[in-house]
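Peer 1: Next comes the sequence, and after it the predicted model I'd like to discuss.
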Amino acid sequence: MQSTNHFDRRQFLQAGTVAVAAASISPSLFAKEKTNKKQEIIDAHSHIWTDDIAHYPLQNGQTVEDLKPRTFTPEELMAVASPHGVTKVVLIQHNVYHGKDNSYITDTIQKEPQKYSGVACIDAAGNAPAKEMDRLRKLGIRGLRIRSGDGNVKKWRDSPGMHAMWKHGPKIGIAMCPLINPEDLLEVNHFCEKYPDTTVVIDHFARIGIDGKIDSKDLKRLADLAKFPNTYVKVSAYYALGKKQPPHDELTPMIHVLYDAYGANRLMWASDCPYQLTAPNTYGDSIALIQDRIDFLSAADKDAILRKTAETVFFS
């Protein structure tokens, strides 16, 4: 296991969110960041979990000793986020720990629906994905996290369940949220062409830059998806991309390309907490890249990326 300051590509792809050696993230330190509250912000992507495994069991025989950190509850999340002006969060199901049991995030949403929305994981190989989507929508879920290989197939196009999900999503206001690598962008393009009414929110720049390099061909493929008006991109997970440390300025050219392609109203900032808290990264540094360090963004652009886009997709 590597130090929390370093992540390799293989670990990221296996864990999905770089859930490696995060034990050094201390909840007791969460509220000690310097803050620079300037505007209302929505965090479009954070995970949460609890050590109350009696009520929220872990998958594959995992125990509380496998949780890194042991807890990252909504209260611990907001202790970090609120001082920076964050008022709403999109909670992302953590497949690593809870698999397809979305009950912890749905229970959290039900308690404070004005504060939280959610993205769930379901079985794309199941018999009735539309029925499960209907159930989850009533519980505050607004997106489904999908990954390469979902549906027990190499390509999504070979999965009847995946087609059913993309077809049903726009009927009930659920977006498809691909957690993918650059090589999967062609498959996303295929589904966007087939289901143009489906809202698509691509996580973490499609992981471009996870190896430290911003590949221009990969970036062009991601930018080209802007031709589909219902496609959005999360500019997020800075701790895992480029130099993997603040101030994250090396990501600015990639953001500029996507800004030119999508416009600010189809980009949304997100932290990917708790992993953005892995030293030397901080929550505030992630916000500051958009809020303070990019000179081509107007005040309206910043408001769109930091709030309005996520509000439109996940809270309207």
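Peer 2: Received the coordinates, thanks.
Peer 1: what about the residue nearest to P274 when sequence neighbours are not counted, neighbour count?
Peer 2: Spatial nearest neighbour of P274, excluding adjacent residues (CB to CB, 6 or more residues apart in numbering): F72 at 4.5 Å. (C-beta placed from N, C-alpha, C; glycine too.) When counting by other CB atoms under 10 Å, one arrives at 26 neighbours for F72.
Peer 1: who's F72 bridged to?
Peer 2: On the basis of DSSP bridges, F72 is bridged to W49.
Peer 1: surely it meets D51?
Peer 2: No: the pair F72 and D51 fails to qualify as a contact (CB atoms under 8 Å) at a distance of 10.0 Å.
Peer 1: Spatially central, which residue of this protein would that be?
Peer 2: Per CA atoms, centre = their mean, the C-alpha nearest to the average position across the chain is that of H45, at 4.0 Å.
Peer 1: where along the protein do the helices fall?
Peer 2: Using DSSP state H, the helices of the chain run over 9-15, 74-81, 95-98, 103-111, 129-138, 160-172, 185-194, 216-224, 252-262, 283-292, 299-303, 309-314.
Peer 1: Select, out of those, the one closest to I146.
Peer 2: Among the helices of the chain, the nearest to I146 by CB to CB is helix 160-172 (7.2 Å).
Peer 1: Buried residues, that closest one. List them.
Peer 2: Neighbour-count burial for helix 160-172, with 16 or more other CB atoms under 10 Å as criterion, is recorded at G161, M162, H163, A164, M165, W166, H168, G169, P170.
Peer 1: what do you get for stretch 170-179?
Peer 2: P170, I174, A175, M176, C177, P178, L179.
Peer 1: okay if I get those as JSON lines plus distance to D272?
Peer 2: JSON lines is the format used below for those (distance: CB to CB, whole Å):
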{"residue": "P170", "distance to D272": "26"}
{"residue": "I174", "distance to D272": "21"}
{"residue": "A175", "distance to D272": "17"}
{"residue": "M176", "distance to D272": "18"}
{"residue": "C177", "distance to D272": "13"}
{"residue": "P178", "distance to D272": "15"}
{"residue": "L179", "distance to D272": "11"}
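Peer 1: for those residues, which one is nearest D134?
Peer 2: Taking CB to CB as the measure, I174 is the one of the buried residues of stretch 170-179 closest to D134, at 9.2 Å.
Peer 1: Could you single out the most deeply buried of the helices of the chain?
Peer 2: Across the helices of the chain, the average number of neighbours (mean count of other CB atoms under 10 Å) peaks for helix 309-314, which reaches a mean of 23.
Peer 1: avg pLDDT for that helix?
Peer 2: Throughout helix 309-314, pLDDT has a mean value of 99.
Peer 1: who touches that helix?
Peer 2: Identification of contacts with helix 309-314 by CB atoms under 8 Å, 6 or more residues apart in numbering yields 42-44, 88, 90, 117, 142-143, 175, 199, 201, 232, 264-270.
Peer 1: Could you identify the buried members of those residues?
Peer 2: With burial judged by 16+ other CB under 10 Å, the buried subset of the contacts of helix 309-314 is 42-44, 88, 90, 117, 142-143, 175, 199, 201, 232, 264, 266-270.
Peer 1: quick one: low-confidence parts of the stretch 1-150 of the chain?
Peer 2: Filtered on pLDDT under 70, the stretch 1-150 of the chain yields the residue ranges 1-38.
Peer 1: Tell me where it has strands.
Peer 2: Assignment of strands within the stretch 1-150 of the chain using DSSP state E, counting those that start in this stretch yields the ranges 41-46, 86-92, 116-120, 141-147.
Peer 1: Now for the nearest residue to I109 once chain neighbours are set aside, how many residues are close by?
Peer 2: By the measure of CB to CB, 6+ apart, the closest residue to I109 outside its immediate chain neighbours is G140, 3.6 Å from it. Other residues within reach of G140, judged by other CB under 10 Å, total 21.
Peer 1: Same question for the one 4 residues further on.
Peer 2: For L144, the tally of surrounding residues (other CB under 10 Å) stands at 26.
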